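Engineer: One predicted model, sequence on top.
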Amino acid sequence: MIGIEGQPVLTAAEMRAAEDAMIATGVSVETLMNRAGTAIAEVVRRLAGTKEVLILCGPGNNGGDGYVAARVLAELGVAVRVAALSEPKTDAAKAAKAARAGWLGPVETLAEAKPAPILVDALFGTGLTRPLDASTTPTPNRSPADAGAQLNPKGSSSGLSWAPASAGERSVVECLHSLANAAQLSIAVDLPSGLATDSGKALSTPPVFNLTLALGAVKPAHLLQPAARYCGQIRLLDIGVPMLSQAEVLKAPSLPAPGPDSHKYTRGMVAIIAGTMSGAADLAALAAMRAGAGYVTLLGDSQGPPHALVRTPLSDHALANDRIGALVIGPGLGRDDIAKARLDAALTSGHPLIIDGDALRLLDPERIKALKAPVILTPHAGEFDALFGKSDTDKITRARDAAARANAIVVFKGADTVIAAPDGRVRIGQGASDWLSTAGTGDVLAGAIGAMLAAKLDPFDAAAAGVWLHGDAARRLGPAFIADDLAEALRSARASL
């Protein structure tokens with residue numbers, strides 16, 4: 001098992017293309033399935049110990065992986081049972097049919113399967129397009145003979161029987177929930193069944209798994225909400241297929257520490273323009289200092305600690321300081337004429353910009369695109385919709401399109417923050433703390449990114465580093481923190497690198 005930080009993220013189509021390229025070199029689908037199933041079995045054996053394992057197998061290649069895993073586990077002496085939704089039956093499932101043939105034990109029906117301490121869901125992985133109940137529940141009027149013919153083609157003696165559905169029969173989702181709830185450990189193969197691979201939507205609501213084993217590459221659904229919440233811990237299994245992608249999982253940044261020749265300006269100067277709610281700008285300023293900036297100045301009205309923060313009236317002279325490495329505009333700015341004038345001053349300053357909060361609602365993509373200096377936009381969902389328009393497209397695609405449209409780095413915030421560059425590069429955060437849903441945390445993020453940009457990181461790397469520090473600080477704090485705590489915790493997050 002491999003941790004997923006920094007790993008490439010592939011869509012279902014990209015994953016198929018990578019596998020097809022491997023097959024073109026002479027590696028068979030059966031070989032890839034045996035690799036995947038063996039890797040699954042090795043993980044399950046380590047985690048299961050002497051406990052019984054129940055593997056749920058679907059009719060496609062995900063089910064084929066499950067059959068291989070069952071065979072390997074049995075050969076290793078692990079007590080393992082298999083329950084199937086239906087037999088592999090299409091031409092596309094040729095490899096799955098071969099894997100099914102390699103399992104010599106009995107096969108139970110999903111509806112009749114008894115729980116086991118270890119549950120492995122290999123019903124459906126990537127590529128699902130319809131809800132489980134709409135596409136996989138047995139047809140109510142099918143006769144037992146018809147069902148048996150489907151599940152035991154050509155009179156095979158698999159031991160599998162299938163009763164026709166009745167009014168009291170449980171759906172596939174109900175069976176999955178029941179078996180997962182009864183298990184001590186639940187493991188999903190590639191994805192929990194019922195999730196859309198690319199969009200992160202829950203086509204059907206699966207149980208929350210303890211562990212998901214991503215096969216070959218991380219998929220968008222492992223990171224995007226709501227799908228990610230059902231995956232539990234995510235680990236990658238290498239199946240020997242080279243993976244290339246412009247998208248990857250956010251990882252810890254490599255940030256240099258100050259050296260003996262460093263001074264406040266070499267570490268980076270951040271300026272923050274205050275607005276009608278000066279506390280938001282104060283939070284951004286504190287965050288910039290705690291994230292490592294050498295000099296932070298707040299332009300506008302503000303009072304109180306920290307005393308290390310330089311407070312200066314906003315003026316053309318203050319903005320003309322060529323030592324400013326990053327200018328933050330938007331936290332607590334307001335949307336009145338004064339706010340618009342302050343935004344205009346920021347846009348014409350020529351400094352690298354972090355545009356957040358209210359400022360995002362006073363702009364359009366064309367105006368941003370016309371700017372010459374680097375720009376990082378940090379919208380949450382509402383601000384994103386206001387700036388770029390609403391869409392049902394997945395979050396990764398929306399962030400990419402927005403970055404290209406505005407010629408700016410876009411940090412599309414949320415529990416599944418997506419960072420996109422105009423050239424198509426994307427980094428996706430994982431597992432953001434739910435406790436970030438409190439006022440001021442976005443201001444803290446803007447300040448942290450400002451510190452990274454002022455330190456002369458590439459804008460895309462600066463945005464990614466700020467997001468990582470922000471998320472790590474939240475994880476360190478645990479529950480019920482406030483934005484002030486989060487800004488302070490950036491120091492510990494930075495020290496951990």
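Structural biologist: That came through, no problem.
Engineer: what about the strands in the stretch 101-250 of the chain?
Structural biologist: For the stretch 101-250 of the chain, the strands defined by DSSP state E, counting those that start in this stretch cover 107-109, 118-122, 185-189, 211-215, 233-237, 247-249.
Engineer: And for the stretch 251-400 of the chain?
Structural biologist: For the stretch 251-400 of the chain, the strands defined by DSSP E, counting those that start in this stretch cover 269-273, 295-299, 310-312, 324-329, 353-355, 375-377.
Engineer: that older thread, kindly reformat the strands of the stretch 101-250 of the chain as JSON lines containing mean pLDDT, mean neighbour count and distance to residue 352.
Structural biologist: C-betas here are computed from N, CA, C, even on glycine. As requested, the strands of the stretch 101-250 of the chain are exported to JSON lines (pLDDT from 0 to 100; neighbours: other CB atoms under 10 Å; distance: least, CB to CB, whole Å):
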{"stretch": "strand 107-109", "mean pLDDT": "93", "mean neighbour count": "19", "distance to residue 352": "61"}
{"stretch": "strand 118-122", "mean pLDDT": "97", "mean neighbour count": "29", "distance to residue 352": "47"}
{"stretch": "strand 185-189", "mean pLDDT": "98", "mean neighbour count": "27", "distance to residue 352": "42"}
{"stretch": "strand 211-215", "mean pLDDT": "98", "mean neighbour count": "26", "distance to residue 352": "36"}
{"stretch": "strand 233-237", "mean pLDDT": "98", "mean neighbour count": "19", "distance to residue 352": "34"}
{"stretch": "strand 247-249", "mean pLDDT": "98", "mean neighbour count": "21", "distance to residue 352": "24"}
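Engineer: and the strands of the stretch 251-400 of the chain, which one's lowest on average pLDDT?
Structural biologist: Comparing mean pLDDT over the strands of the stretch 251-400 of the chain, the weakest stretch is strand 310-312, at a mean of 93.
Engineer: which one of the strands of the stretch 251-400 of the chain lies closest to residue 182?
Structural biologist: Closest approach to residue 182 among those (CB to CB): strand 375-377, 46.8 Å.
Engineer: Okay, now the sheet partners of the closest one, with direction.
Structural biologist: Strand pairing for strand 375-377, using DSSP bridges, gives strand 353-355 (parallel), strand 409-412 (parallel).
Engineer: Quick one: closest of these to residue 78.
Structural biologist: Proximity to residue 78 (CB to CB) singles out strand 409-412 among the strands paired with strand 375-377, at 43.4 Å.
Engineer: Export only the CA atoms of the closest one, formatted as CSV.
Structural biologist: Extracted in CSV, the C-alpha atoms of strand 409-412 (Å, rounded to 0.1, in the frame of the first residue of the first chain):
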residue,chain,number,x,y,z
ILE,A,409,-4.3,30.5,-10.3
VAL,A,410,-7.7,29.4,-8.9
VAL,A,411,-8.0,28.0,-5.4
PHE,A,412,-11.6,26.6,-5.5
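Engineer: The helix or strand just after it pairs with which strands?
Structural biologist: Counting by DSSP states H and E, the next helix or strand C-terminal to strand 409-412 is strand 418-420. Here strand 418-420 is paired, per DSSP bridges, with strand 409-412 (antiparallel), strand 426-428 (antiparallel).
Engineer: what's the model's confidence in strand 418-420, averaged?
Structural biologist: Here the average pLDDT along strand 418-420 is 98.
Engineer: Lowest mean pLDDT among the helices and strands of this structure, which one is it?
Structural biologist: None of the helices or strands of the chain scores lower by mean pLDDT, DSSP states H and E than helix 144-151, at a mean of 32.
Engineer: show me where the stretch 51-200 of the chain has helices.
Structural biologist: Here the stretch 51-200 of the chain has its helices, by DSSP state H, counting those that start in this stretch, at 61-75, 94-102, 132-136, 144-151, 172-182.
Engineer: Could you provide those helices in a markdown table, with additional columns for distance to residue 277 and mean neighbour count?
Structural biologist: Listed next are the helices of the stretch 51-200 of the chain as a markdown table, based on distance: least, CB to CB, whole Å; neighbours: other CB atoms under 10 Å:
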| stretch | distance to residue 277 | mean neighbour count |
| --- | --- | --- |
| helix 61-75 | 50 | 26 |
| helix 94-102 | 58 | 20 |
| helix 132-136 | 47 | 17 |
| helix 144-151 | 64 | 15 |
| helix 172-182 | 45 | 19 |
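Engineer: so where's the stretch 151-300 of the chain shaky on pLDDT?
Structural biologist: 151-169 (pLDDT under 70).
Engineer: Count the neighbours of residue 266 for me.
Structural biologist: Residue 266: 15 surrounding residues under other CB atoms under 10 Å.
Engineer: for the one 4 residues further on, same thing?
Structural biologist: Counted by other CB under 10 Å, the residues lying close to residue 270 total 33.
Engineer: give me every residue that touches it.
Structural biologist: Residues in contact with residue 270, defined by CB atoms under 8 Å, 6 or more residues apart in numbering, are 285, 288, 293, 295-297, 324-328, 447, 450-451, 454.
Engineer: cutoff 7 Å now
Structural biologist: 288, 293, 296, 325, 326, 328, 450, 451, 454 (CB atoms under 7 Å, 6 or more residues apart in numbering).
Engineer: So which residue is dead centre in this structure?
Structural biologist: Computing the C-alpha centroid of the chain and ranking residues by CA atoms, centre = their mean puts residue 223 first, at 1.7 Å.
Engineer: May I ask you to confirm that that one is in contact with residue 416?
Structural biologist: Yes - Residue 223 is within contact range of residue 416, at 5.7 Å (criterion: CB atoms under 7 Å).
Engineer: Identify the contacts common to these two.
Structural biologist: Common neighbours of residue 223 and residue 416, using CB under 7 Å, 6+ apart, are residue 428.
Engineer: Now tabulate the helices of the stretch 51-200 of the chain in JSON lines and tack on distance to residue 346.
Structural biologist: Shown next, in JSON lines, are the helices of the stretch 51-200 of the chain (distance: least, CB to CB, whole Å):
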{"stretch": "helix 61-75", "distance to residue 346": "51"}
{"stretch": "helix 94-102", "distance to residue 346": "58"}
{"stretch": "helix 132-136", "distance to residue 346": "50"}
{"stretch": "helix 144-151", "distance to residue 346": "66"}
{"stretch": "helix 172-182", "distance to residue 346": "51"}
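Engineer: Figure out which of those helices is closest to residue 191.
Structural biologist: Taking CB to CB, helix 61-75 is the member of those nearest to residue 191, at 8.4 Å.
Engineer: sorry, back to before: for the helices of the stretch 51-200 of the chain, which one sits closest to residue 310?
Structural biologist: Between residue 310 and the helices of the stretch 51-200 of the chain, the shortest gap by CB to CB is with helix 172-182, which sits at 55.6 Å.
Engineer: Who are the packing partners of that closest one?
Structural biologist: strand 118-122, helix 132-136 (3 or more CB pairs under 7 Å, 6 or more residues apart in numbering; DSSP states H and E).
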